[in-house]
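Q: structure of the sequence below:
(chains A, B, C, D, E and F)
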4 protein chains.
Amino acid sequence: MPRITPERREAKRAEILAAARRCFSRDGFHQTSMPDIATEAGVSAGAPYRYFASKEEIIVAIAGDAFRLLFEPVERIAAGTRAASVADLMAASLEVLSAETVTDAAGHPVPVEELLRCAVQTWSELLRDDAVRAHAVEGFESVRRSITEALQRGQTAGAVPSAVPPERAARLVMGLLHGFLLQRVAFELTDTAAFGDDIRTLL
Amino acid sequence: MPRITPERREAKRAEILAAARRCFSRDGFHQTSMPDIATEAGVSAGAPYRYFASKEEIIVAIAGDAFRLLFEPVERIAAGTRAASVADLMAASLEVLSAETVTDAAGHPVPVEELLRCAVQTWSELLRDDAVRAHAVEGFESVRRSITEALQRGQTAGAVPSAVPPERAARLVMGLLHGFLLQRVAFELTDTAAFGDDIRTLL
Amino acid sequence: MPRITPERREAKRAEILAAARRCFSRDGFHQTSMPDIATEAGVSAGAPYRYFASKEEIIVAIAGDAFRLLFEPVERIAAGTRAASVADLMAASLEVLSAETVTDAAGHPVPVEELLRCAVQTWSELLRDDAVRAHAVEGFESVRRSITEALQRGQTAGAVPSAVPPERAARLVMGLLHGFLLQRVAFELTDTAAFGDDIRTLL
Amino acid sequence: MPRITPERREAKRAEILAAARRCFSRDGFHQTSMPDIATEAGVSAGAPYRYFASKEEIIVAIAGDAFRLLFEPVERIAAGTRAASVADLMAASLEVLSAETVTDAAGHPVPVEELLRCAVQTWSELLRDDAVRAHAVEGFESVRRSITEALQRGQTAGAVPSAVPPERAARLVMGLLHGFLLQRVAFELTDTAAFGDDIRTLL
DNA sequence: CATGAATGAGCATTCATTCAT
DNA sequence: TATGAATGAATGCTCATTCAT
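A: This next block holds a predicted model:
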């Protein structure tokens, strides 16, 4: 008979994960030590190991989460868009990526800044870590698929020019989203609205 | 009076840097140890410290170099383009980023793959490291300026629509370049030609 | 060009090994930490790792050495005996195992007590560690072979009864040697001479 | 008033002990963790502490048991032997040590292999642990006493030569038993019958 | 100048033990 | 009584950096 309920266990796991995310965002995956995470979470040094087998497992969880939380709204927008033009899709997506916080599965707000910083680090990590790569590529493809489908509907409806195959156009959209994300977090892009506006104008 | 000529010293420094780049590309900044670099360069463990004050300094040098080598051709294209459309500029740039090697200051070929992998890691690094950030942002702004100027000339010549201020359009171009670079190295983008073609088509 | 000569390197390796042996003899393989060994050897915590890849490797070295040093004299006796009776062989061997010290390859005296305590621990270790087992079994067989040959010569000369095949009789001799060794170190056998005398009497 | 009967308590204690013995035999005293034992016994991590104050106490119990279970039959043989020759005594003892299982106090069969592996580890342990040493030495002396008495009866009856004082001859017998035990478990002695036969032949 | 041995702080992880429930 | 979550000290090992030669 467990002394803590599965809910409490899950809550504590989430707390440790949130602490890890704060540390990773602030100091980086490799500059953050396990004691750092434990201290940030307010637990003992051994406690995280009751919830995660290794630091690596925490990194994989954080990496997967970061992409999921950032791009879930984008997927939702793509899925809900009847006949989006590329520009509409982009504009809606950038609005999400420009928010202050998003809401995680448990309903807690998570700073977008934190997620962005973890996402950028995940790109580094996936170059060498197969578990991270698998998660990240899967997430990437999922979003791309949603966008592809939205563009297909757009072409059918005539809102999107048919000159470019949707799955290839979706790569361009992903490229712009990533490029935006990166400039926002690393290259002092402050006027986030302009980025979307300009895309609309140019297309 | 130095016992080795400045030329030899510079050559050895470059060798150590090239070794570090291979290590960083293969194993990552933080999974690469200083002994790893020394071994890869075929020098003693202490030798790198006669050319660089710390590992940090090597990372800064590599990070700066990666961006410079990758984007110098882009800058050159931008500077040399009389009246580029955005699409022309992108197409020429992507061609460079799709090459096998670029040539460094000393005339040695450097695999683009290696540079791309270091570049992605640099994005992580600059989030926390001010020296890296300063170099990277400076490089970013330099390229953006070149592109801005090319676009201005394009607008003057009528090849580029005037609806979007050039310095803002240049951000879009940089976003697409970064997005392309990332997909090429991390998200299995193999048909690099299509990416450029599609941009031309859509614009 | 190495800064220390191979001789000095070997000497230092031997010093660390000797320190490890003292620690292991006093506290046991698993109660001895790597810092303990470093401290006992008067070097820094990292130093032993320049000579041994792991604690395991030190244990294997010590285990192999303990048997070699203890039984090399026994092998020499067996090899040098023209026509030994079993009793003569035992008596000579027990004398060696009753000495205060034996001399190692470098000519340094090593307390037999220390070796005996390590040997007993090696028996535990070989139950689970294949590297230790391989070394120990090889050493065991080597000694048994020497004894077998001595007994064969003894049978030829008529000094040893032919009723028992030499290789089986050698197992008995090994058993008595191990039994003696164990009682000496663990079961308060002080009258070591009596043990040998009684064997001679009974046979 | 205890909530569980003393019988149930004793049974559970025995189960934990049996689980510990399996773990110790398989993985060694020091490679086995308390959670390992609890898991093997199918109880919670805290449960063993209601029966044993510490891991050390479990080791002491196992160590004492191993010797007792292995040598009780030997003692019984010695006690029951009217006028044993040394060879008869050895032969009967080796037969016991060659069996597959022995029966413990509660009537459960215990694999001899398991006991032998624990016994060898006990030799290591007693070098440093006074509680283990005390138990082991007491067990050793008890068996030796039984053998001594059997030999005395044998001398009186003329079946055993009087040349060697019985208490000293008993040391030889113990040495051979230990040597046999060790070779059986650690040095690939498979023909256990030959060992006893050869002793008889040589004496 | 170059070498490579040495240092020692730091890290991921384990585990005996405790104790609130 | 029994549970199992939590603790926190300890361990094996790595590595950036120094410096005697």
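
Q: so what's A:Lys55 closest to, chain neighbours aside?
A: Using C-beta to C-beta, 6 or more residues apart in numbering or on different chains and skipping the chain neighbours, the partner closest in space to A:Lys55 is A:Met34 (5.6 Å). Glycine gets a C-beta too; all of them are placed from N, C-alpha and C.

Q: the one you found: neighbour count?
A: By other C-beta atoms under 10 Å in any protein chain shown, 17 other residues sit near A:Met34.

Q: give me the three-state assignment for A:Ala163.
A: coil (DSSP: H, G, I helix; E, B strand; the rest coil).

Q: ramachandran coordinates for it?
A: phi -60, psi -30 (degrees, to the nearest 10).

Q: contact partners for it?
A: B:Thr201, B:Leu202 (C-beta atoms under 8 Å, 6 or more residues apart in numbering or on different chains).

Q: does anything pack onto the lengthiest helix in chain A? Which helices or strands?
A: Counting by DSSP state H, the longest helix found in chain A is helix A:130-157. If contacts are counted by 3 or more C-beta pairs under 8 Å, 6 or more residues apart in numbering or on different chains; DSSP states H and E, helix A:130-157 sits against helix A:55-80, helix A:86-97, helix A:112-126, helix A:166-186.

Q: now do the longest one: which elements does it pack against?
A: Read that as helix A:55-80. Using 3+ C-beta pairs under 8 Å, 6+ apart: helix A:55-80 touches helix A:6-27, helix A:86-97, strand A:101-103, helix A:112-126, helix A:130-157.

Q: least confident of those, on average?
A: Lowest mean pLDDT of the helices and strands packed on helix A:55-80: helix A:86-97, a mean of 82.

Q: so how far is that one off the chain centroid?
A: In terms of C-alpha atoms, centre = their mean, to the nearest Å, the centre of helix A:86-97 is found 15 Å from the chain centre.

Q: what about the residue nearest to the spatial centre of chain A, distance to B:Thr122?
A: In chain A, the residue lying closest to the centroid (C-alpha atoms, centre = their mean) is A:Phe67, at 2.3 Å. To B:Thr122, A:Phe67 is 20 Å away according to C-beta to C-beta, to the nearest Å.

Q: where's the nearest residue to A:Ser44 once chain neighbours are set aside, which helix or strand?
A: Leaving aside its sequence neighbours, A:Ser44 sits nearest to A:Ala38 (C-beta to C-beta, 6+ apart; 6.3 Å). Element membership of A:Ala38, judged by DSSP states H and E, is helix A:34-41.

Q: how many residues are close by the residue in chain A that DNA strand F sits nearest to?
A: In chain A, the residue that lies nearest DNA strand F is A:Gly46 (1.9 Å; C-beta to the nearest atom of the strand). A:Gly46 has 9 neighbours, counted by other C-beta under 10 Å.

Q: could you find the closest non-adjacent residue to it?
A: Closest residue in space to A:Gly46, ignoring its immediate chain neighbours: A:Ala38 at 7.9 Å, by C-beta to C-beta, 6+ apart.

Q: also A:Pro166?
A: In space, A:Pro166 is closest to A:Leu151, 3.9 Å off (C-beta to C-beta, 6+ apart).

Q: isn't the one you found right up against A:Val160?
A: Yes. A:Leu151 is in contact with A:Val160 according to C-beta atoms under 8 Å; the separation is 5.5 Å.

Q: neighbour count for the two, which is higher?
A: Shown here are A:Leu151 and A:Val160; by other C-beta under 10 Å, A:Leu151 has more neighbours (29 against 25).

Q: quick check, A:Gln155 in contact with A:Pro165.
A: No. In this structure, A:Gln155 is not within contact of A:Pro165 by C-beta under 8 Å, at 9.5 Å.

Q: before we move on, back to that, now, of the helices and strands packed on helix A:55-80, which is deepest in the fold?
A: Sort the helices and strands packed on helix A:55-80 by mean neighbour count, taking mean count of other C-beta atoms under 10 Å in any protein chain shown, and helix A:112-126 sits at the top with a mean of 23.

Q: contact partners of it?
A: A:21-22, A:24-25, A:28-29, A:59, A:62-63, A:65-67, A:69-70, A:97-102, A:132-133, A:136-137, A:181-182, A:184-186, B:28, B:120-121, B:123-124, B:127, B:182, B:186.

Q: cutoff 6 Å now
A: A:21, A:24-25, A:29, A:62-63, A:66, A:69-70, A:99, A:102, A:132-133, A:136, A:181, A:185, B:120-121, B:123-124, B:127, B:186 (C-beta atoms under 6 Å, 6 or more residues apart in numbering or on different chains).

Q: tell me which parts of chain A are close to DNA strand F?
A: When proximity is defined as C-beta under 7 Å from any atom of the strand, chain A approaches DNA strand F at A:1-4, A:9, A:12, A:43-47, A:49-50.

Q: can you turn the buried part of these into a PyMOL selection?
A: Here is the PyMOL command that selects the buried residues among the residues of chain A next to DNA strand F (16 or more other C-beta atoms under 10 Å in any protein chain shown):
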select buried, chain A and resi 12+43
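
Q: all set now, cheers.
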